[in-house]
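# predicted model follows, preceded by the sequence.
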Amino acid sequence: MAAIAPCGVQTARFRADTVTEETPGYRPSGPLDPVADQLVQFFAADPGWQALMSTPLPLVREGMRAAAVMTGEPEMQSVEDYPVPVDGGEISLRLYTPLCETEFVVVWAHGGGFALGSLDEADNFVRALAVECKAIVASVDYRLAPEHKFPTAVDDLQAAALWAARNVPELAGAKLRLVLGGDSAGANLATVVTRRLHRTDEVKVAANLLAYPGTDSPDAPSLRRFESPFLGIREIAYFLDSYLPDEASRTHPDFAPLYADNLDLLPPTFVLTAEYDILTEQAESYAAKLSEAGVPVTMHRYPGMIHGFLTLDPFLPDASAQVLGKWRQFMEGLPE
């Protein structure tokens, strides 16, 4: 188990050093997007962000939720919360039904290092996802670390996906194809849960939408190629100290899917990466491994962008809108 300091601050277990020039591998080569650079500078000067790793995570969550501005846009036909039974209790699933006709239900897992994030913080982006991709979206409030270690989040998302597959078509009064997606930690959960579901034939997932997923061990050299302007190795090590219960879980395929030996079970997958993100190398390596396993893969690296840009849509609306447009085209091209 990860040691917890009395104040609730994690003590480090994983290496947080950075290798710079010594090892071959991916490094960004183009300019950082000017608006992304402004965001980087903002976070660098923000006392709350700088105190992230010295503040108990429950307090960080409270601050983030309080700062979340829910615009209520775009307008939905309905937004309803539903309880989903899980081992040890229940979690919430928020179902967004857009005004347009829909062909898909997208089960969406938010990012946040397995330790942060909430339905309210994801609300604005999920609404845009529903409208742009013409899909009912089931946003999942999976349980967070360090209170709930790996594999709790995986189990929660699997329960939510099964609930959505069994209930959403009936609620919508239409046959819908199931898609699993997420950003960062949520993208990791989406691909892992899809493989689990296909391994047992419990449900058919039509596609995965993965935005900058973590796919490798926290000890991976790819995390130490360059100093990331936003979300560096120190933050990643901090979050994974919270999430992973022991050394064996570092390479468990339900955490690090690059180590899975049954990737051929996965459906068509869209992998999005950002140029200035230390997760890019492992995400693109995962895309390549999926392709080698015979999985149809679409990959797009967004130039000049930082980790998390997709859901920073209030500041980077053009980038987010372009990705959603690509996802819509990808989903429209899926086989029946």
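Yes, it's here.
# the closest residue to Leu265 other than its chain neighbours sits in which helix or strand?
Closest residue in space to Leu265, ignoring its immediate chain neighbours: His198 at 4.1 Å, by CB to CB, 6 or more residues apart in numbering. To be clear about C-beta, it is placed using only N, CA and C from the backbone, and glycine gets the same treatment. Taking DSSP states H and E as the criterion, His198 maps to helix 185-200.
# on that earlier part again, ok, the residue nearest to Leu265 - contacts?
For His198, the contact set (CB atoms under 8 Å, 6 or more residues apart in numbering) comprises Lys204, Val205, Leu265, Leu266, Pro267.
# again with Pro267
With contact taken as CB under 8 Å, 6+ apart, Pro267 is in contact with Thr194, His198, Lys204, Val205, Ala206, Ala207, Asn208, Val295.
# between these, which has the most around it?
Using other CB atoms under 10 Å as the neighbour criterion, Thr194 leads the contacts of Pro267 with 30 neighbours.
# ok, residues contacting the helix or strand just after the helix holding His198?
Tracing the chain C-terminally past helix 185-200 and defining elements by DSSP H and E, one meets strand 207-211 next. Contacts with strand 207-211, where a contact means CB under 8 Å, 6+ apart, come from 106, 111, 177, 179-184, 187, 190-191, 194, 266-272, 283, 310, 323, 327, 330-331, 334.
# low-scoring stretches of the stretch 201-336 of the chain, by residue?
By pLDDT under 70, the stretch 201-336 of the chain has no low-scoring segment.
# do a quick rundown of the strands in it.
Using DSSP state E, counting those that start in this stretch, the strands found in the stretch 201-336 of the chain span residues 207-211, 269-276, 297-306.
# now find how far off-centre the second one is within its chain.
In this view, strand 269-276 has its centroid 11 Å away from the chain centroid, taken as CA atoms, centre = their mean, to the nearest Å.
# what is it packed up against?
In terms of contacts (3 or more CB pairs under 8 Å, 6 or more residues apart in numbering; DSSP states H and E), strand 269-276 is packed against strand 207-211, helix 280-292, strand 297-306, helix 317-332.
# what comes up buried for the helix holding His198?
Neighbour-count burial for helix 185-200, counted by 16 or more other CB atoms under 10 Å, picks out 185-198.
# got these as CSV, with distance to Gly25 and pLDDT columns?
What follows is the buried residues of helix 185-200, written out as CSV (distance: CB to CB, whole Å; pLDDT from 0 to 100):
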residue, distance to Gly25, pLDDT
Ala185, 22, 98
Gly186, 25, 98
Ala187, 21, 98
Asn188, 20, 98
Leu189, 25, 99
Ala190, 25, 99
Thr191, 22, 98
Val192, 24, 98
Val193, 28, 98
Thr194, 27, 98
Arg195, 26, 98
Arg196, 30, 97
Leu197, 32, 97
His198, 31, 98
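# now the contacts of strand 207-211: which count as buried?
By 16+ other CB under 10 Å, those give 106, 111, 177, 179-184, 187, 190-191, 194, 266-272, 283, 310, 323, 327, 330-331 as buried.
# in three-state terms, label Val179 for me.
Following DSSP: H, G, I helix; E, B strand; the rest coil, we place Val179 in the strand state.
# quick check: it touching Ala109?
No. Counting by CB atoms under 8 Å, Val179 sits too far from Ala109 to count as a contact (11.8 Å).
# report the contact partners of Pro314.
Counting by CB under 8 Å, 6+ apart, Pro314 touches Asn124.
# measure it to Phe125 for me?
9 Å (CB to CB, to the nearest Å).
# over to Met64?
Distance, Met64 to Phe125, using CB to CB: 14 Å.
# pick out whichever of those two has more residues nearby.
Neighbour count, other CB under 10 Å: between Met64 and Phe125, Phe125 has more, with 21 against 16.
# what's the more buried one sitting at in phi/psi?
Phe125 adopts backbone torsions of phi -70, psi -40, taken as degrees, to the nearest 10.
# can I get stretch 290-299 in PDB? Just the C-alpha atoms.
Only the C-alpha atoms of stretch 290-299 are listed here, as PDB (Å, rounded to 0.1, in the frame of the first residue of the first chain):
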ATOM      1  CA  LEU A 290      -3.200  -2.200 -31.600                       C
ATOM      2  CA  SER A 291      -2.700  -1.900 -35.300                       C
ATOM      3  CA  GLU A 292      -0.200  -4.800 -35.200                       C
ATOM      4  CA  ALA A 293      -2.900  -6.800 -33.500                       C
ATOM      5  CA  GLY A 294      -5.300  -6.200 -36.400                       C
ATOM      6  CA  VAL A 295      -7.300  -3.400 -34.700                       C
ATOM      7  CA  PRO A 296      -8.400  -0.600 -37.000                       C
ATOM      8  CA  VAL A 297      -6.700   2.500 -35.600                       C
ATOM      9  CA  THR A 298      -7.000   6.200 -36.400                       C
ATOM     10  CA  MET A 299      -4.300   8.300 -34.700                       C
END
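# may I see the buried residues of it?
Buried residues in stretch 290-299 (16+ other CB under 10 Å): Leu290, Ser291, Val295, Pro296, Val297, Thr298, Met299.
# and for stretch 123-142?
123-133, 135-142.
# looking at these, which are in helices?
Members of the buried residues of stretch 123-142 lying in helices (criterion: DSSP state H): Asp123, Asn124, Phe125, Val126, Arg127, Ala128, Leu129, Ala130, Val131, Glu132.
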